[in-house]
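Colleague: Build me a structure from this.
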Amino acid sequence: MKHNIEYLDDFEAGRAYELGSFTLTEAEIIDFATQFDPQPFHIDPEAAEGSMFGGLIASGWHSVSCVMRLMVDNLIPARSGLGSPGIDQLRWLKPVRPGIEYRAVYTVDSVRDSTSKPDRGMITTTTELFDPDGEAVMTFTGVGMYLKRPDPD
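Modeller: Next comes the predicted model:
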């Protein structure tokens, strides 16, 4: 699933990149939530059964973290990735549940050069997480900053 992206110049507006997939176990969901989001429907399977979710669900922040891992492993180039000023419009549309495989897709909406630093630029993106039925369970838009390919001097 690793993409051959090295610099800003390699990203194409309109292109969707498959990031791969992940499946969370009940123990992983509980471990993450116990440390970072200890709400009953994330950490207590019995309490989760009686919640509006009808069972244990992953913290949305856990889902975002799993997608970030897929981005780093399969797309963001170590040699030119400069981080991100943030994400917008984060939506958790459906619960992420244990034992189900989820697939992430990263679509480049635009690519632009920096107006103040000629060696870099930014991309705007839409990232989506899908369940096995192809339904979106999470979406967000973001900005990534990358170095441009150096001139071969």
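
Colleague: can I assume Met145 is in contact with Gly86?
Modeller: No. Using CB atoms under 8 Å, Met145 is not in contact with Gly86; the gap is 11.0 Å. All C-beta spots, glycine's among them, are computed from the backbone N, C-alpha and C.

Colleague: Once you drop chain neighbours, what's closest to Gly54?
Modeller: Among residues not flanking Gly54 along the chain, Ala48 sits closest, at 7.8 Å (CB to CB, 6 or more residues apart in numbering).

Colleague: what sits up against the helix or strand encompassing the one you found?
Modeller: Following DSSP states H and E, one finds Ala48 within helix 45-49. Taking contacts as CB atoms under 8 Å, 6 or more residues apart in numbering, the residues outside helix 45-49 that touch it are Glu26, Ile30, Pro40, Phe41, His42, Gly54, Gly55, Leu56, Ile57.

Colleague: next one: stretch 25-41
Modeller: Contacts of stretch 25-41 (CB under 8 Å, 6+ apart): 42-43, 45, 47-48, 51, 53, 56-59, 61-62, 65, 98-99.

Colleague: cutoff 10 Å now
Modeller: Stretch 25-41 has contacts (CB atoms under 10 Å, 6 or more residues apart in numbering) with 22, 24, 42-63, 65-66, 95-99.

Colleague: sec struct for the residue lying closest to Ser51 once chain neighbours are set aside, please.
Modeller: Counting by CB to CB, 6+ apart, the nearest residue to Ser51 once its immediate chain neighbours are dropped is Phe41, at 4.3 Å. Under DSSP: H, G, I helix; E, B strand; the rest coil, Phe41 falls in the helix class.

Colleague: Show me which of the contacts of helix 45-49 are buried.
Modeller: Neighbour-count burial within those applies to Ile30, Phe41, His42, Leu56, Ile57; the criterion is 16 or more other CB atoms under 10 Å.

Colleague: for these, which one is nearest His3?
Modeller: Minimum distance to His3 across these is 30.0 Å, recorded for Ile57 (CB to CB).

Colleague: Now the closest one: closest residue in space that isn't a chain neighbour?
Modeller: Pro95 (3.8 Å).

Colleague: Run through the residues that contact the one you found.
Modeller: 41, 48, 52-58, 60, 63, 131, 137-138.

Colleague: and the most centrally placed residue in the chain, backbone torsions?
Modeller: Centroid check for the chain by CA atoms, centre = their mean gives Val67 as the closest residue, at 3.1 Å. When read as degrees, to the nearest 10, the backbone of Val67 gives phi -70, psi -40.
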